[in-house]
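Undergrad: what follows is a protein structure lacking sequence information:
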C-alpha cells in the first residue's frame with residue numbers, strides 16, 4: 001500500500017522524557033523523506049508542533065486541521081495547508097477523510113479519544129486504513145495490555161488487536177504500515 005498522507009495523533013505537551021520529542025522529530029523527517037504528507041491537529045506546541053516542524057524542515061508537506069476555538073488561542077506555524085473548522089467533530093472527520101492511515105504518538109486524553117475512535121471505526125468496517133502506535137519509551141505498553149484484557153474478558157475480538165501496528169522506531173513503523181493488509185472481521189459474527 002502506498003501511503004500518501006498519514007494522520008498523526010499526539011500531545012500538545014512535550015511530556016517528561018526528551019525521547020518523546022527526539023522520536024517525534026525523527027518521524028517527521030522520515031515522513032518528509034518518504035514523500036508522505038502529515039495530517040495533524042494544526043498546533044504549534046508540544047509533540048504536535050515538533051512533528052510538523054520536522055516535516056517542513058525536511059521539505060515535506062504539513063496539513064493542519066484545527067477548530068476555530070483553538071485557532072483563536074494559539075500561535076501558528078506556516079503550514080502547507082491549514083483547515084479551520086467549526087468544532088472537534090468536524091476536525092476529526094476532516095482528518096480521517098484526508099488520511100491513508102493513523103499513527104498515535106504519546107499524548108493525553110485527546111490523543112486517546114482520537115485513537116479509540118479510529119479503532120472503533122475500523123472494527124465496525126467504516127475504514128480499512130492502518131492504525132499504528134508509535135510506542136516511544138514503551139508509552140503504549142499499558143494500553144496494549146488493556147486491549148488484551150478486553151480480549152481475555154470477551155469484550156474485544158483479538159483480530160482487531162492483532163491488526164494494530166505497535167513499533168518503537170519510526171522506520172519500522174512506516175514499513176509495517178505500508179505492508180498493512182486490512183481484513184474485515186465482522187464484529188457481530190465472532191467474539
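TA: Sure, I can see it. Remember, predicted model here, so these are calculated numbers, not experimental data. Numbers count the residues shown, from 1 in each chain.

Undergrad: now the spatially most central residue of the chain, what's its secondary structure?
TA: When C-alpha atoms, centre = their mean is applied to the chain, the residue found nearest the centroid is residue 103 (2.7 Å). Following DSSP: H, G, I helix; E, B strand; the rest coil, residue 103 is assigned to strand.

Undergrad: for it, give me its contacts.
TA: By C-beta atoms under 8 Å, 6 or more residues apart in numbering, the contact list for residue 103 reads 6, 7, 8, 9, 27, 132, 133, 134, 173, 177. In this view, the C-beta of every residue, glycine as well, is placed from N, C-alpha and C.

Undergrad: let's go with 10 Å and repeat that
TA: The neighbours of residue 103, taking C-beta atoms under 10 Å, 6 or more residues apart in numbering as the test, are 6-10, 27, 31, 38, 40, 51, 115, 130-134, 165, 167, 170, 173-174, 177.

Undergrad: from the residues you listed, which land in helices?
TA: Applying DSSP state H to those, the entries found in helices are 27, 31, 51, 115, 170, 173, 174, 177.

Undergrad: columns distance to residue 18 and neighbour count on top of those, output as CSV?
TA: Formatted as CSV, these follow (distance: C-beta to C-beta, whole Å; neighbours: other C-beta atoms under 10 Å):
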residue, distance to residue 18, neighbour count
27, 15, 28
31, 20, 26
51, 15, 27
115, 23, 21
170, 16, 21
173, 19, 23
174, 22, 25
177, 25, 22
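
Undergrad: related to what we said a few turns ago, which strand residues bridge the residue nearest to the centre of the chain?
TA: When assigned by DSSP bridges, residue 103 has beta-bridge partners residue 8, residue 132.

Undergrad: how much space between it and residue 6?
TA: 6 Å (C-beta to C-beta, to the nearest Å).

Undergrad: go on, residue 126?
TA: For residue 126, the distance to residue 6 - C-beta to C-beta - is 18 Å.

Undergrad: these two - which one has more neighbours?
TA: Shown here are residue 126 and residue 6; by other C-beta atoms under 10 Å, residue 6 has more neighbours (25 against 12).

Undergrad: any idea how far the more buried one lies from residue 24?
TA: 13 Å.

Undergrad: what of residue 59?
TA: Look at residue 59 and residue 24: by C-beta to C-beta, they are 18 Å apart.

Undergrad: more neighbours: which of those two?
TA: More crowded of residue 59 and residue 24, by other C-beta under 10 Å: residue 24, with 29 against 10.

Undergrad: next one: that one, what pLDDT does it get?
TA: Per-residue pLDDT puts residue 24 at 97.
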